[in-house]
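Q: Mind folding the following:
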Amino acid sequence: MLVTWKYKERDTIIQRLDPRARIIFMLCAMFSIIQFWDLRVEILFFCLSLAYYFLARLSWKETRRAWLAIGFMISTFTFLTFLTGRGGTGVYEEEHLIYKSPPLSLPIIKKQISLDITAERIVFSASQLFRMFAITGLAITIPYTINPALYGVTFHGLGLPDKFACAMDLAFRFVPTLGRDFSITLDAQRARGYEVEKLEGGVLAQIRKLAPLVVPVTINAIVGGEDVIDAMDLRCFGLRKRTWLYKLEYKRRDKILIAAGLAMFVLSTAASISGYGRFWVPRWLLDLSLD
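A: Below you'll find the model as predicted:
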């Protein structure tokens, strides 16, 4: 059986908004954010994202796992970008060296590498962090504050065909369902004496030892998907235009939110085309360079 995110009904300004208006605003904000690399602009968008998140009144206990998982991926990618400096290709052309570490020998590849810390890498990494977390703050409220019963009708109301609307509905339910199956499988294997905390050996050996977890979860996901397909085929899904149990109607506040999102996107696009919001490095950081 498919499960959903931990939705909880709240009387907040966010949940009183039409889900379609919220998704349109989120998309407008995301496309506005990705047009800039100026750290000051990214901080403004990050503050907007935080305000949006806190208005939803989501607790840390509810969203902790999502924040930790996404935060780990963002931090890892940002750190790798900072080490290699390759992520800034095309964003900045010259670099001002602040610190150069002693050469470090790598016996495996028989090369020596050194970490070059430049002003541009520092600012680019900070901009990347604020940019990604701003998008995360806007997106993470969607699954936790939209009634799961409204997923299909929401995407249908955005103009998607019935098949795509139902596909998006199932996609939103797939991640928590997969998490539930993984938790059940882990508990079952532990009851049989399997200790995931004591995995030893190299990377390949550890991957092989994870088979008692990965294989059952993968098979359950495939079987569950086939059950959903069979159930929809038995109900003749896709032969005719379907009806929806719920009906959504835009209210004045929803139209205001959509107008604000579209205005933000238009202004951001105009500013980006005009040359505003490009990569910026503070002067005090450039003064620290060794050049």
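Q: so where is the protein shaky, pLDDT-wise?
A: Low-confidence segments of the chain, defined by pLDDT under 70, span residues 1-5, 104-114, 195-207, 209, 238, 291.
Q: And the strands in it, which stretches?
A: Defined through DSSP state E, the strands belonging to the chain, from first to last, are 97-100, 104-106, 111-113, 116-118.
Q: And stretch 78-94, what's buried?
A: Under the neighbour-count criterion of 16 or more other Cβ atoms under 10 Å, stretch 78-94 has 78, 81-82, 85, 87-88, 92 buried. All C-beta atoms are positioned from the backbone trio N, CA, C, and that covers glycine.
Q: chain center to it, what's the gap?
A: For stretch 78-94, the gap between its own C-alpha mean and the chain's C-alpha mean amounts to 21 Å (Cα atoms, centre = their mean, to the nearest Å).
Q: Quick check: end-to-end length of that stretch?
A: Counting by Cα to Cα, to the nearest Å, you get 20 Å between the two ends of stretch 78-94.
Q: Could you shift the numbering so residue one becomes 291, and keep it that way?
A: OK, 291 is where the count begins now, so the last one is stretch 368-384.
Q: Go ahead and name everything in contact with that stretch.
A: Counting contacts by Cβ atoms under 8 Å, 6 or more residues apart in numbering, the residues outside stretch 368-384 that touch it are 327, 385, 405-406, 408, 410-412, 414-415, 418-419, 422, 569, 571.
Q: Which of those residues fall in helices?
A: Secondary structure defined by DSSP state H assigns 410-412, 414-415, 418-419, 422 of these to helices.
Q: Show me the helices in the stretch 291-440 of the chain, by range?
A: 309-323, 329-345, 350-374, 409-429, 431-435 (DSSP state H, counting those that start in this stretch).
Q: Turn those helices into a markdown table, including distance to residue 543.
A: Supplementary listing: the helices of the stretch 291-440 of the chain in a markdown table, determined by distance: least, Cβ to Cβ, whole Å:
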| stretch | distance to residue 543 |
| --- | --- |
| helix 309-323 | 8 |
| helix 329-345 | 13 |
| helix 350-374 | 24 |
| helix 409-429 | 18 |
| helix 431-435 | 15 |
